[in-house]
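Q: Quick one, fold the following:
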Amino acid sequence: MYRLSQLVLLVCVGAAGNATSAPQVAVRAENFTVPPATGPVTHILARNTGNTESAVTIEPKFPAGWQWTPRNRKVRLQPNEVKRLPFTIEKASDAKSNRYAIEITVIQSSDKAVHQQNVVCASAPYFEPKIDGKFNDWSDAIPVTFTTAGRKTVVSTYWDKRYFYLYVQVEEDRLRSYKKNSAQVDAVQFALAARNAVTASAPQAKAQRSEFIIVDVGGMFAKDRCFQLIRPAQELSVTQEQRSLDALDLKDAQVVVKRQGKITHYECAIPFAAVPTIKPAVGREIAFSVLVHDPDGTGIRDWGKAAGLWPEQRNRFAWCTWDSVKWTADPPYDSKVEFGLCSSKR
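A: Numbers count the residues shown, from 1 in each chain. Coordinates of the predicted model:
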């Protein structure tokens, strides 16, 4: 296992090495959606945070030994404009840790800012595991690990023509099972959407995602459950409703939740029929994100934050409310982190 952390360091240097004002451009490297050794086209996002046009040079630096083209890109950005800049990885190697340190330099006239970031390969290999609570089918996944308040969350995925498979390991003190009218419930909430889907900021807009939650039901013979919180084309006003989960049961899902030591294991299979905006195919780029609910421990763990989304990407319409959820004052980050479907991790 490894740690995914988002470290942002801005170093401002003038022509003579003296501190100056930073360029008014924020940058973020997207996750790789296929293993880096396959030679993908990767992207860097640049956003103008100022109130005037900015002309900057974006110069990435990938891990030692990698080769990429172009070496930099010049871009003009209007206020609040975001551009997605492509870079081709010509030579790279995959890391067992699935953790890649990237440095992005933003140059504007004599001002320079350096952004340091760890990114991952966020992709689901093609494989059909058994949803049986044994978890020995997951060795060929590409796990993503992030840490919240000292506790690890590990997210692994697979896919085949019928199902999207998810396995989440949550380090926590105890597991609170789902019961009707429960005040506190531990759960994994996740969203799937097409790559170009967006989250609107008005309740009358239509959803462009499918969203689910999986819970432990408790009891030796009880069946753990998955609920579908929203489907594409539903109004986003649904996201603000404190709904009972029982009416939202996704009967075609397969779910096993098991507690082992200090780890809660969530394993599930979601039929692609419940995600009509995604057609499963090798190389498909999608949007995917995860929230972990640990109400009596770390609270809400947000992979969007760990993946480096900008603070401006918090959006209360990005995730659905349900009957016992406890939100913080700030809404979660957007539910649409870049992700991919690949053939294998090799």
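Q: Please make it C-alpha for all contacts and neighbour counts, starting now.
A: OK.
Q: tell me which residues in stretch 270-288 are buried?
A: For stretch 270-288, the neighbour count (16 or more other Cα atoms under 10 Å) marks 270-272, 274-275, 277-278, 280, 282, 284-288 as buried.
Q: tell me the mean pLDDT for it?
A: If you average the pLDDT over stretch 270-288, you get 97.
Q: Quick check: nearest residue in space to Val282, chain neighbours excluded?
A: Among residues not flanking Val282 along the chain, Cys342 sits closest, at 5.0 Å (Cα to Cα, 6 or more residues apart in numbering).
Q: how near is the one you found to Val114?
A: With distances taken as Cα to Cα, to the nearest Å, Cys342 is found 32 Å from Val114.
Q: neighbour count winner among those two?
A: Using other Cα atoms under 10 Å, the more surrounded residue of Cys342 and Val114 is Cys342, with 24 against 21.
Q: how far away is the more buried one from Tyr100?
A: Cys342 is 19 Å from Tyr100, where distance means Cα to Cα.
Q: ditto for Asn51
A: Remark: distance between Asn51 and Tyr100 (Cα to Cα) = 33 Å.
Q: before we move on, the earlier item: could you find which two of the buried residues of stretch 270-288 are furthest from each other?
A: Spatially, the most separated pair among those is Ala274 and Val282, at 19.2 Å (Cα to Cα).
Q: Okay, now the unreliable bits of this structure?
A: Residue ranges of the chain with pLDDT under 70: 1-21, 220-221.
Q: Kindly state the domain boundaries assigned to it.
A: 25-119, 123-341 (automatic domain parsing).
Q: and the buried residues of stretch 270-288 as JSON lines, adding distance to Ser139 and secondary structure?
A: Formatted as JSON lines, the buried residues of stretch 270-288 follow (distance: Cα to Cα, whole Å; DSSP: H, G, I helix; E, B strand; the rest coil):
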{"residue": "Ile270", "distance to Ser139": "20", "secondary structure": "strand"}
{"residue": "Pro271", "distance to Ser139": "22", "secondary structure": "strand"}
{"residue": "Phe272", "distance to Ser139": "23", "secondary structure": "helix"}
{"residue": "Ala274", "distance to Ser139": "26", "secondary structure": "helix"}
{"residue": "Val275", "distance to Ser139": "26", "secondary structure": "coil"}
{"residue": "Thr277", "distance to Ser139": "28", "secondary structure": "coil"}
{"residue": "Ile278", "distance to Ser139": "25", "secondary structure": "coil"}
{"residue": "Pro280", "distance to Ser139": "21", "secondary structure": "coil"}
{"residue": "Val282", "distance to Ser139": "20", "secondary structure": "coil"}
{"residue": "Arg284", "distance to Ser139": "22", "secondary structure": "coil"}
{"residue": "Glu285", "distance to Ser139": "22", "secondary structure": "strand"}
{"residue": "Ile286", "distance to Ser139": "23", "secondary structure": "strand"}
{"residue": "Ala287", "distance to Ser139": "23", "secondary structure": "strand"}
{"residue": "Phe288", "distance to Ser139": "21", "secondary structure": "strand"}
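Q: what's the closest of those residues to Pro79?
A: Ala287 (25.8 Å).
Q: Hmm, Thr277 is touching Asn196, no?
A: No. Assessed by Cα atoms under 8 Å, Thr277 is found out of contact with Asn196, at 10.4 Å.
Q: Tell me the buried residues in the helix or strand in which Thr88 is found?
A: Using DSSP states H and E, Thr88 sits in strand 82-91. Buried positions in strand 82-91, judged by neighbour count with 16+ other Cα under 10 Å: 82, 85, 87, 89.
Q: Can you list the buried residues in the helix or strand just after it?
A: Once the chain leaves strand 82-91, the next helix or strand it forms, by DSSP H and E, is strand 100-108. Using 16+ other Cα under 10 Å as the test for burial, strand 100-108 gives 100, 102-108.
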